[in-house]
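Undergrad: Need coordinates for the below:
(chains A and B)
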Amino acid sequence: MSDSVVPDYPMQREAKCPFAPAATVRTMTREDPVGKVRIWDGSEPWFITRHADQRALLNDPRLSIEETRPGFPHMTRGRAEAAKHTPALITNTDAPEHTRLRRTVNGPFMVKRVEAMRPRIQEVFDGLIDDMLAGPKPADLVQSIGLAVPTIVITELLGVPYADHKFFQVNSSKTISHESTPEEAAAAGGALAAYLGELLQQKMAEPAGDVLSEMGARVRAGEMTASEAVHMGVAILIAGHETSASMISLGTLALLRNPDQLALLRESDDPKLVANAVEELLRYLTIVHTGIRRIASEDIELRGRTIRAGDGIIFDLSGADWDAEEFPEPEKLDLTRTARQHHAFGYGVHQCLGQSLARVELQIAYGTLYRRIPTLALAVPFEDVEFAMEGVAYGLKSLPVTW
Amino acid sequence: MSMRIELDEPKCVAAGQCVMVAPDVFDQRDEDGVAIVLDAEPGPEQEDEVREAAAVCPAAAIKLVER
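TA: Coordinates of the predicted model:
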């Protein structure tokens, strides 16, 4: 147990090793695995950083994700406000309600359905590389590839016109940024919901082969409400955007810093190697760095300490993915290591809905980019690359590259 | 030694990890993505994949009975 001051959370990563979890997270993983942190509202939830502990607790029915319970450790003031008005979603319900809701939205994210999208995603990706190669040098990889891939994929999946993608990018980043005021976040979320609400009505009148149409059919059948469908649509839009974009750009930067690992991808077309590389980059980067949050509904004993019913709990996913007991030499990017058990998508029944889609996007990105552009290089010194640390997931503001 | 797979269906959240790891042994049902066991008694050549599938299942819904 530590007698020192309870550290504030989220914590800053160190500028000199921006890929590593914040130094305090790493120290607590080693020395104080059932610790406490202080969050924006002054409360001090538990802070769980070990891989094994997260695995045990995130499947424990004594933990709840119901955000309206008093003492829930919200991410931001904006999220705390929004929680009061949010209908039941997969992100704020426990079993059995969660099971029912999740089963209404799983369909489009099933492995076979995202695999069926692979040729189209590959085509989109190849086109973006062609455009970048035909354009001026240096290019910004964040804009030309990183953001463009998930934007196109998620708009196609939801059945949203691509022409409106700027509207989505701006509003989705405003809803989740720690720099937005609660009012700004709420306004952006409201704008997205209004847009998708209208589109849902259109899709109910004229269904197409997309997720909104599928949810529209469920609304008609009385399996979900229109409000649930719209909130779910907003959640899919936001969750699928910046996360995949960040992984493509950050992953490229990490690989450029580890040329021996980059060479493995450049020189292989083995889908197994590429798939494993995706898992290791997910582990190494663990971009969701503001912790996933729960509240205890009963007393829980863990490593000699007692988490009381009503206590908030934060799980720092990067802590678990850099836990040396699970991943020896975690600071080493090793594309050949066994990494699939990482917590980059979370763990437990709330594990990422879009993970199979993300995997396919990243397999195509990492499996294509360095083979198509073997001379890809940073166009600025590494120290000048600007990181974007203020969101739920971290990423890059831009990544100037040349070839 | 052989292995039998027991799927706790109500627990399944359709994350699809089992299908990605062991596509010959697991599939997902079309209507809601819930896992289906294609081969409840997989052969020795598939046992490593099946163990990995059980280990990465986020809902701990895959039980392996080794006998």
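Undergrad: Around chain A, which positions in chain B sit nearby?
TA: Counting by CB under 8 Å from any CB of the partner chain, the residues of chain B lying close to chain A are B:10-11, B:13-17, B:19-21, B:23, B:27-28, B:30-34, B:52, B:55-56, B:58-60. In this view, the C-beta of every residue, glycine as well, is placed from N, C-alpha and C.
Undergrad: at 10 Å instead, please
TA: By the rule CB under 10 Å from any CB of the partner chain, the part of chain B lying against chain A is B:10-21, B:23, B:26-34, B:52-53, B:55-61.
Undergrad: among these, which ones are buried?
TA: When those are checked for burial by 16 or more other CB atoms under 10 Å in any protein chain shown, the buried set is B:11-21, B:26-29, B:32-34, B:52-53, B:56-61.
Undergrad: Which single residue of the stretch 51-200 of chain A ends up nearest chain B?
TA: Evaluated by CB to the nearest CB, the stretch 51-200 of chain A has A:Asn106 as its residue closest to chain B, separated by 3.2 Å.
Undergrad: cool, and the stretch 251-400 of chain A?
TA: Checked against chain B (CB to the nearest CB), the nearest residue in the stretch 251-400 of chain A is A:Gln351, 3.7 Å away.
Undergrad: show me the contacts for that residue.
TA: When contacts are counted by CB atoms under 10 Å, 6 or more residues apart in numbering or on different chains, A:Gln351 touches A:58-59, A:292, A:343-345, B:13, B:15, B:17, B:56-59.
Undergrad: do you know how far the nearest residue to it once chain neighbours are set aside is from A:Arg372?
TA: In space, not counting the residues next to it along the chain, A:Gln351 is nearest to B:Pro58; the distance is 3.7 Å by CB to CB, 6 or more residues apart in numbering or on different chains. Remark: distance between B:Pro58 and A:Arg372 (CB to CB, to the nearest Å) = 34 Å.
Undergrad: Repeat that for B:Val34.
TA: Counting by CB to CB - B:Val34 and A:Arg372 are separated by 38 Å.
Undergrad: mind listing what the closest residue to chain A within chain B touches?
TA: As assessed by CB to the nearest CB, chain A sits closest to B:Gly33 within chain B, at 3.2 Å. Neighbouring residues of B:Gly33 by CB under 10 Å, 6+ apart: A:102-103, A:105-113, A:353, A:356, B:12-16, B:19.
Undergrad: Among these, which are located in strands?
TA: In strands, judged by DSSP state E, none of these are found.
Undergrad: top helix in the chain by residue count?
TA: Defaulting to chain A. As assigned by DSSP state H, the longest helix anywhere in chain A is helix A:226-257.
Undergrad: Wait, chain B was what I had in mind.
TA: Ranked by residue count under DSSP H, the longest helix found in chain B is helix B:47-56.
Undergrad: can you give me the strands for the stretch 51-200 of chain A?
TA: Along the stretch 51-200 of chain A, counting by DSSP state E, counting those that start in this stretch, strands occupy A:63-64, A:139-140.
Undergrad: Count residues in the vicinity of A:Phe387, would you?
TA: Taking other CB atoms under 10 Å in any protein chain shown as the neighbour definition, A:Phe387 ends up with a count of 15.
Undergrad: partners of it in the sheet?
TA: With DSSP bridges applied, A:Phe387 shows beta-bridge pairing to A:Leu396.
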